[in-house]
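1. When you get a sec, could you give me coordinates for this:
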Amino acid sequence: MELRFVKTLLDAGKTYFESKGVTSFDLEKFAEMLRLASSLRKVDAKTIADALGLHPSDASGYLRLGWHSGLLSYSGKAYYATRLARDVAGACSEPGSRGCVEAVRRVMLSWYPLRVFLSYLCSRRSFNAMDAVRELGGEMRYWNGVMMRLGLPVSPAGGGEAPEKPFNSYVVSALFERMVDQLYVGCEHLREPAEYWYVRGREDEPVVAVAVAHVVYTYREPVLVTPRVDDEGLGLVVRALREAGPGRSATLVTVKGQGVARYPGLDVEFTEKPLHANIYASEGEVLLSSANLTGDSLYRSVEFGVVVKSSPSLLAVVDDLLPGVLL
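-> Okay, here's the model as predicted:
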């Protein structure tokens, strides 16, 4: 199928997992959540639900949205307001004010699922919600199926099929249309594609794991450099190679002493050098990440990374670290 808006596995992973559990938007409630988070040392879904009269799942959704948009930090099952959140909360002393709308809009324009929706919206002469579900939802159904086969935690639709989320009929109406309307988002806010992407992952929202799989799935002969590896991490790489098609291969570089099972298409090289970084490199893109190639790092821990376009100078730096690996 033609993929016009969700073009890559990384696009799909950021769209799905950065919206997971976020099903609706209301500017007043979101602003109240930010003010409460800014006034308390830490908050969780129960605190927000009790204070704002929300269903716990809606409260959790607002907190997830705050985390993915950089307004909240997350540690130990609790959320903490960042300086940015306190600034936005200050601008939202009157939630419907122009200052509040502009402050929240500035932040939300960096939220990847909204950027995908806006790119679709601006490609149309007129908007029809059912068309959006069919087209955007159809692209997400394709990619969610890929992610399910990769073993990523995508919740299936009825009958075990790949879901349209987040572009099903309810979420398009209750979240994306309302966010566009309440924040006065227009095509003038559509941005050029970025040269780099920040990725963050945690339990049940493994965007960093998607980024690793993206490098392996999308590009030929990637090189994966990591000091730690286990069977869960290897399993993701092997599934991505198989999903990409026959003849695909990757090279794994890790320190001596790691027990690494052998798989077709996966070449393993050991180094005696201490490795202090995780580099997942290809000729197209490079992921620099805190995440080791282990199940805990990829699926259960809070991890960070940046995906950047490859360049000869960047690949030369990687090759200097590991002479001959990229030749």
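2. alpha carbons only for contacts and neighbour counts from here, please
-> Noted.
3. who's in contact with residue 43?
-> 37, 78-80 (Cα atoms under 8 Å, 6 or more residues apart in numbering).
4. so what pLDDT did it get?
-> pLDDT, residue 43: 98.
5. So what does it look like in phi/psi?
-> phi -140, psi 160 (degrees, to the nearest 10).
6. Name the SS class of the residue nearest to it when sequence neighbours are not counted, please.
-> Spatial nearest neighbour of residue 43, excluding adjacent residues (Cα to Cα, 6 or more residues apart in numbering): residue 79 at 5.3 Å. Look at residue 79: counting by DSSP: H, G, I helix; E, B strand; the rest coil, its state is strand.
7. before we move on, the earlier item: which pair of the contacts of residue 43 spans the longest distance?
-> 37 and 78 (10.4 Å; Cα to Cα).
8. of these two, who's got more company?
-> Using other Cα atoms under 10 Å as the criterion, residue 37 and residue 78 rank with residue 37 on top: 25 against 14.
9. Read off the pLDDT value for that one.
-> At residue 37, pLDDT is 97.
10. buried ones in the helix or strand containing it?
-> Here residue 37 sits within helix 27-39, counting by DSSP states H and E. Buried residues in helix 27-39, counted by 16 or more other Cα atoms under 10 Å: 27, 29-38.
11. now the closest residue to residue 240 other than its chain neighbours: how far from residue 236?
-> The spatially closest residue to residue 240, leaving aside those adjacent along the chain, is residue 217, at 5.1 Å (Cα to Cα, 6+ apart). Counting by Cα to Cα, to the nearest Å, the gap from residue 217 to residue 236 is 10 Å.
12. These two - which one has more neighbours?
-> residue 217 (26 against 23).
13. Show residues contacting whichever strand or helix holds the more buried one.
-> If you go by DSSP H and E, residue 217 is part of helix 207-218. For helix 207-218, the surrounding residues in contact (Cα under 8 Å, 6+ apart) are 8-10, 13-14, 17-18, 152, 199-201, 222, 236-237, 240-241, 243-244, 250, 280-282, 285-287, 289, 291, 298-299, 303-305, 307.
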